[in-house]
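Peer 1: Okay, predicted coordinates and the sequence, questions at the end:
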Amino acid sequence: MTRPAPFQLVQIAREERARRKVAWERAGRLDSHTAIEDEIIWSNIEHFARILNGERRPIHWPVEHKRIMVESIAATLRKAPEAFYKLPGKVRGLRDLQYAIQFTLLYVLDQPVPEHPERAAA
């Protein structure tokens with residue numbers, strides 16, 4: 001099975017983030033605590049995809065935050081086929097995005113990234 005190029009993961013994350021924002025707005029809950037947290041999670045997922053695509057802005061997510069990202073994508077995937085999408089390609093894209101983040105999470109659990117000296121002192 002071929003995986004999409006990293007730039008495609010960025011697009012998948014960006015589209016899902018936008019779709020979720022519209023859904024919260026339509027429900028009249030865009031300013032709710034849950035919607036704000038959802039936006040933060042999907043902002044991180046989009047940023048993570050950009051890093052996989054080669055962006056080099058300094059950022060580090062604790063392992064727990066990476067797990068939250070994976071869980072959020074997994075929850076979306078469970079609901080996606082019946083609730084949101086008519087096209088199987090959309091669901092496949094989310095699966096690929098989840099795989100990319102999960103694979104990276106498993107790798108960093110086995111090979112931890114050393115703390116940046118300036119951040120470690122803070």
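Peer 2: Alright, I've got the coordinates. Numbering: from 1, shown residues only.

Peer 1: Would you map the helices across this protein?
Peer 2: For the chain, applying DSSP state H gives helices covering 6-26, 33-52, 63-83, 88-110, 117-120.

Peer 1: any idea how far Gly28 is from the residue nearest in space to the middle of the chain?
Peer 2: Centroid check for the chain by CA atoms, centre = their mean gives Ile45 as the closest residue, at 2.4 Å. Per CB to CB, to the nearest Å, Ile45 is found 24 Å from Gly28. (Each C-beta comes from the backbone N, C-alpha and C, glycine too.)

Peer 1: quick one: contacts for Leu30?
Peer 2: Neighbouring residues of Leu30 by CB atoms under 8 Å, 6 or more residues apart in numbering: 21, 24.

Peer 1: per-residue confidence for it?
Peer 2: If you check Leu30, the pLDDT there is 94.

Peer 1: for Asp38, same thing?
Peer 2: 92.

Peer 1: What's the separation between it and Arg14?
Peer 2: Going from Asp38 to Arg14 by CB to CB gives 15 Å.

Peer 1: Neighbour count for those two, which is higher?
Peer 2: Asp38 (19 against 15; other CB atoms under 10 Å).

Peer 1: Low-confidence regions, this structure specifically.
Peer 2: The chain contains residues with pLDDT under 70 at 1, 58-59, 81-89, 108-122.

Peer 1: ok, now with 90
Peer 2: For the chain, the stretches with pLDDT under 90 are 1-6, 44-45, 47-122.

Peer 1: How many neighbouring residues does Tyr107 have?
Peer 2: Tyr107: 11 neighbours (other CB under 10 Å).

Peer 1: Over to Met69?
Peer 2: 23.
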